[in-house]
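[1] predicted structure and sequence below. I'll ask about it afterward.
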Amino acid sequence: MSMPTVPNITPEIILKRNEVLNLLLTSIALEEIGLSHIINTEGEKIQRIVKEQSLSLNDALALNNSVERMLRNVIKTEMLLQFRLEDIIKLEQMHNHEHIHEHNHEHNHEQHHDDLPDTPDIPDLSCFKE
């Protein structure tokens, strides 16, 4: 038996940093929408079954267990999505911090090469400028 031949496919996808962050945030939002549909379906299931006249105690307990298991899974997924969101926020904060640090370093580096007298460094607060 011979091994299958896999073609050498190397797609080149080039995304800018902000596009990657937007895609990550969009994926979280889409998963949140999916989870909201699951929660809604569980609510509709409860309403449909409770409307039945012949709901026994065992049926009610089985329904409760079923909904509880599903909601536990939804909560677990929500926690993972929260971690992903926090990681994305950390990435953005790290990028902003590095960008500010590089800018300040370049600014300080330029001052040292000038023949100007030493003056105290004034932080660049460009983020507050319009």
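    That came in fine, so what should we check first? These numbers were taken from a predicted model, which means no experiment stands behind them.
[2] so where's the protein uncertain?
    Along the chain, the parts satisfying pLDDT under 70 run over 1, 101-130.
[3] 90 instead?
    1-13, 17-18, 48-57, 59-60, 91-130 (pLDDT under 90).
[4] report the central residue of it.
    L85 (3.1 Å; Cα atoms, centre = their mean).
[5] hey, which helix is longest across this protein?
    helix 57-113 (DSSP state H).
[6] chain center to it, what's the gap?
    5 Å (Cα atoms, centre = their mean, to the nearest Å).
[7] where does S54 fall, phi/psi-wise?
    Backbone torsions for S54, taken as degrees, to the nearest 10, come to phi -100, psi 40.
[8] might you report the residue contacts of L30?
    Neighbour list for L30: empty [criterion: Cβ atoms under 8 Å, 6 or more residues apart in numbering]. For glycine as for every other residue, the C-beta is placed from the backbone atoms N, C-alpha and C.
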